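S.K.: sharing a sequence plus its predicted fold:
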Amino acid sequence: MCEDIVKLLLNKKHLVDSAIMRYLPRRFDKDYLEFAFGKPKYAYDLDALSKSLAEPVWDFLDRGGKRWRPALFMLITEALGGDIKKIQDFVILPELIHNGSIIIDDIQDMGELRRGKPTIHRIFGTDIAINAGNFLYFLPLLVFMKNRHRFKPETLLRAYEIYSQEMINIHAGQAMDIWWHKGKTEDIDERQYMQMCAYKTGTLARMAARLAVALCEGSKEMEEKIGRVAESIGVAFQIQDDILDIVSSGKDREKFGKSYGNDITEGKRTLMVIYTLKKASKEDRGKLLKILNMHTKDRGLIDEAIEILKKYGSVEYAKSVASKIMKESWEEAEPLFEDSEAKNKLRRFVHFLIDRDF
């Protein structure tokens, strides 16, 4: 099943990248500048725009990434019997926003490595990285403007409202995460963590799902239900990401594409950390909090923190929570779709996201 879904993701990746190229070529020319920004009143600096927008963005996009959110968008569209050609440009929304959020997140976390290479702000500078990341938040609006002739005004408005609300939500999730890993709060409730994930990671999966339903002119009830399911998938995906950060090393770490113990260095309050802080002895709790608040890159201290997390069974606990969320999500989603090969592909895809090792 894993190979089947990896093949599917590679195929969808080609479609996604082709769609991105229509809205963000690797190098800008006069025609693109007028397509994206309109006719200039004075004159564009083609070289400056290409080197400060196209180059850093494609440097990042070319590093890989699973493109699973747009794949989810397409699979839901197929499962609903929608016209993928009609809505294919919208597939880039969750992917561009996701990559923009990572570029910005790496600046906020002072990250050094992402997808096996130095972070964008380390290569191009913080000023260019901030601008490029923000550009990826707003570029999707071009899709709405360039496709207004394909949809009823009320359908396009509905899709625009989904985009707008989820863009607001993602910043709420990031705000909680930043505040916590600064060490501003020692006691974080597990439900608060889930809400943070629902907004930081779940929101783009939810956006992809809700957009698919809205653009296929499905009911508001269907949009809400499938959106909730996709949000749960995003939460489970984040928990699995947190687990991989702890258990990956060597070649697995290279495949994962981040520095060793990245979440420990950043002081992240993951589900494993929250669980351990509730279960640990006073001594271990104090040690773990101290290491997290140091934002250290010291291998010995990172190993010590990871051993404390493992000592109290936090990895197993997080795996069980992620599996439970995914199982319950699919049980809620299954009755919403008619039996079809598209539905079967969607089911396999959902389970792959939690069983993956990268």
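M.R.: Yes, it's here. Only a predicted model underlies this, so the values are computations on that prediction, with no experimental measurement involved.

S.K.: quick one, strands of the stretch 51-200 of the chain?
M.R.: 113-114, 117-118 (DSSP state E, counting those that start in this stretch).

S.K.: pick the most buried one from those strands.
M.R.: For the strands of the stretch 51-200 of the chain, the largest average neighbour count (mean count of other Cβ atoms under 10 Å) is found in strand 113-114, namely a mean of 19. C-betas here are computed from N, CA, C, even on glycine.

S.K.: so which elements touch that strand?
M.R.: Counting contacts by 3 or more Cβ pairs under 8 Å, 6 or more residues apart in numbering; DSSP states H and E, strand 113-114 packs against no other helix or strand.

S.K.: one step back: distance to F337 and mean pLDDT added to the strands of the stretch 51-200 of the chain, as CSV?
M.R.: Below are the strands of the stretch 51-200 of the chain laid out as CSV (distance: least, Cβ to Cβ, whole Å; pLDDT from 0 to 100):
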stretch, distance to F337, mean pLDDT
strand 113-114, 35, 88
strand 117-118, 39, 94
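
S.K.: looking at those, which is nearest to E304?
M.R.: strand 113-114 (21.4 Å; Cβ to Cβ).

S.K.: can you check the pLDDT for T185?
M.R.: T185 is assigned a pLDDT of 72 by the prediction.

S.K.: now do the contacts for it.
M.R.: W179, R269 (Cβ atoms under 8 Å, 6 or more residues apart in numbering).

S.K.: quick check on it: phi, psi?
M.R.: In terms of degrees, to the nearest 10, the main-chain angles of T185 are phi -130, psi 130.

S.K.: need the three-state assignment for the residue of the chain most remote from its centre.
M.R.: Residue farthest from the centre of the chain, counting by Cα atoms, centre = their mean, is Y42 at 38.0 Å. Here Y42 takes the coil state, with states given by DSSP: H, G, I helix; E, B strand; the rest coil.

S.K.: element containing the residue lying closest to D189 once chain neighbours are set aside, please.
M.R.: Leaving out its chain neighbours, the residue that sits closest to D189 by Cβ to Cβ, 6 or more residues apart in numbering is I274, at 7.9 Å. Secondary structure assigned from DSSP states H and E places I274 in helix 271-279.

S.K.: got the buried residues for that helix?
M.R.: The neighbour-count check on helix 271-279 (16 or more other Cβ atoms under 10 Å) flags L271, M272, V273, I274, Y275, T276, L277 as buried.
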